[in-house]
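turn this into a structure:
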Amino acid sequence: MVMQPPEHSSSNSVRYLVAGVVGVALMLGAYFMQINAEADRQRQSAAERLTLCRQVARVASATAFGGADVRDTCEQLNEESNKGNPPL
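Sure thing, here's the model as predicted:
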């Protein structure tokens with residue numbers, strides 16, 4: 001009995017290579033989607049905190065109870081938010 005090598009070994013190798021590249025591309029795509037979703041959640045959370053801070057500052061200034069301190073905190077929060085999220 002004489003053993004013969006597979007006739008289409010290079011064809012199978014190309015298929016495995018393509019499947020591997022597609023698999024890696026899908027995994028990277030899913031990873032970047034998760035990173036983007038987390039960044040969106042952080043942006044939304046920062047916007048909500050800033051809105052709440054501004055509402056508290058308005059109430060504090062209307063009641064003359066620590067309005068300047070609250071406004072300073074809001075300005076600092078706004079600056080931090082702008083540093084982390086450059087305009088598109």
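
need phi/psi at Gly29.
The phi and psi values for Gly29, taken as degrees, to the nearest 10, are phi -60, psi -40.

count of residues packed around it?
Using other CB atoms under 10 Å, Gly29 has 10 neighbouring residues. The way it works is simple: take the backbone N, C-alpha and C, and place the C-beta from them, glycine included.

same thing with Asn12?
Neighbours around Asn12, by other CB under 10 Å: 10.

distance of it from Val21?
15 Å (CB to CB, to the nearest Å).

just Arg54 next, same as before
49 Å.

and the two? Which one has more around it.
When Arg54 and Val21 are compared for neighbours, Arg54 comes out ahead with 15 against 10, by other CB under 10 Å.

can you tell me the closest non-neighbouring residue to the more buried one?
Nearest non-adjacent residue to Arg54, counting by CB to CB, 6 or more residues apart in numbering: Cys74, 5.7 Å away.

how much space is there between the one you found and Ala25?
44 Å.

so which of those two has more stuff around it?
Set Cys74 next to Ala25 and count neighbours by other CB under 10 Å: Cys74 wins out with 21 against 10.

so who does the more buried one touch?
Leu50, Cys53, Arg54, Val56, Ala57 (CB atoms under 8 Å, 6 or more residues apart in numbering).
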